[in-house]
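Colleague: Need the 3D shape of this:
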Amino acid sequence: MRTRPGPVVVALKVLLTLLYGVPLVWILLTSFKRPSDVFGAGTAFVFRPVTTAYVEAFDGALLDALRQSVLIAVGTTALVLLLAVPAAYGLARSRGVLPSIGLGLLIVFQMMPQTAQVIPLFQIFGQWSLLDSTFGVVVADTALLTPFATLLLRPFFRSVPHQLEEAGSIDGASVWRTFRSIALPIARNGVATVGTLIFLLAWGEFLYAVNFFLSPGSYPLSALLAEQVSAFGIDWPGLMALAVLTSVPILVVFAATYRLLKDGLTVGAVK
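Modeller: Residues are numbered from 1 along each chain as shown. Here you go, the predicted model:
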């Protein structure tokens, strides 16, 4: 028999809903307003909706920025998983001093602020001709997010029973085949969970994009949003319309993978 939540739990849920829900409602309503209605005293909820901001958003550089964000997010996710999955499996199955040192280095690298990496990477990418290229931003994001993904994936591989791998070894399976045919299928939910998290983080890429793209026409959606704030003021309806459009792919990905994220993070936290 399920017990009803207490009044304190209900009050906290209502408070969190208001804290997160009211700003989202304000963003959505503002995107359908005229600039003169944004801060009007009687137009907070009652106003004549218009779609001017959305029409102007699609007439601008939205599609190019959307394409850049998709390329950055998908490319970063694929490259991070390609590096982090075998690294996490190796750290989960290795014992000794070197794996412990490697795990400590990953923790240190993960704590390194992104701003501290911009100038060194800019100099390196300038020598490698990676400035003003999508691949350069993908490489930078991969270097930033691979330690984080490896640390998240390690508990999933540690939860794979040793007995299954030992049985595979007895049957003559190599280490690679044991990893590919036994460990990876069992930990696939964890890999998908981490891949989703990396995609969500890479989708909001901003700092590397504005520094490594030399032409504003190559900016992703996050940088396009920042361009709405200028010295001449802020186009609030346009900014909110872009925010809504930018959030739609994230909401779709989150809704499609919500159960996977919930179950995967729970499994990965237990060992």
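
Colleague: switch to C-alpha atoms for all contacts and neighbour counts from now on
Modeller: Noted.

Colleague: Could you check stretch 222-240 and say which residues are buried?
Modeller: Of the residues in stretch 222-240, those buried by neighbour count under the rule 16 or more other C-alpha atoms under 10 Å are 222, 223, 224, 225, 228, 235, 236, 237, 238, 239, 240.

Colleague: Please apply the same query to stretch 153-173.
Modeller: Here stretch 153-173 shows 153, 154, 155, 156, 157, 158, 159, 160, 165, 168 as buried, counting by 16+ other C-alpha under 10 Å.

Colleague: Return the member of those nearest to residue 247.
Modeller: residue 153 (26.5 Å; C-alpha to C-alpha).

Colleague: Please narrow the buried residues of stretch 222-240 to those residing in helices.
Modeller: Among those, the members falling in helices (DSSP state H) are 222, 223, 224, 225, 236, 237, 238, 239, 240.

Colleague: where do the strands sit along the chain?
Modeller: For the chain, the strands defined by DSSP state E cover 229-230, 233-234.

Colleague: between these, which one is nearest to residue 99?
Modeller: Ranking the strands of the chain by proximity to residue 99 (C-alpha to C-alpha) places strand 229-230 first, at 46.9 Å.

Colleague: Rounded mean pLDDT for that closest one, please.
Modeller: Here strand 229-230 scores 69 as its mean pLDDT.

Colleague: Measure how buried residue 255 is and give me the count.
Modeller: 12 (other C-alpha atoms under 10 Å).

Colleague: where are the low-confidence patches of the stretch 51-200 of the chain?
Modeller: Counting by pLDDT under 70, the ranges of the stretch 51-200 of the chain that qualify are 60.

Colleague: let's see it at 90
Modeller: Across the stretch 51-200 of the chain, the ranges flagged by pLDDT under 90 are 51-64, 90-117, 155-190, 192-193, 196.

Colleague: how many neighbours does residue 22 have?
Modeller: The local packing of residue 22 (other C-alpha under 10 Å) involves 12 other residues.

Colleague: Check the one 4 residues further on too.
Modeller: The local packing of residue 26 (other C-alpha under 10 Å) involves 14 other residues.

Colleague: Likewise for residue 119?
Modeller: Residues near residue 119, counting by other C-alpha under 10 Å, number 11.

Colleague: try residue 152
Modeller: The tally of other residues near residue 152 (other C-alpha under 10 Å) stands at 21.

Colleague: doesn't residue 194 make contact with it?
Modeller: Yes. Contact criterion C-alpha atoms under 8 Å: residue 152 and residue 194 qualify, at 7.0 Å.

Colleague: what's residue 229 in contact with, if anything?
Modeller: With contact taken as C-alpha atoms under 8 Å, 6 or more residues apart in numbering, residue 229 is in contact with residue 235.

Colleague: any idea how far it is from residue 63?
Modeller: Distance of residue 229 to residue 63, given as C-alpha to C-alpha, to the nearest Å: 19 Å.

Colleague: Residue 179 now?
Modeller: Separation of residue 179 from residue 63 (C-alpha to C-alpha): 40 Å.

Colleague: Of the two, which one has the most company?
Modeller: More crowded of residue 179 and residue 63, by other C-alpha under 10 Å: residue 179, with 19 against 14.
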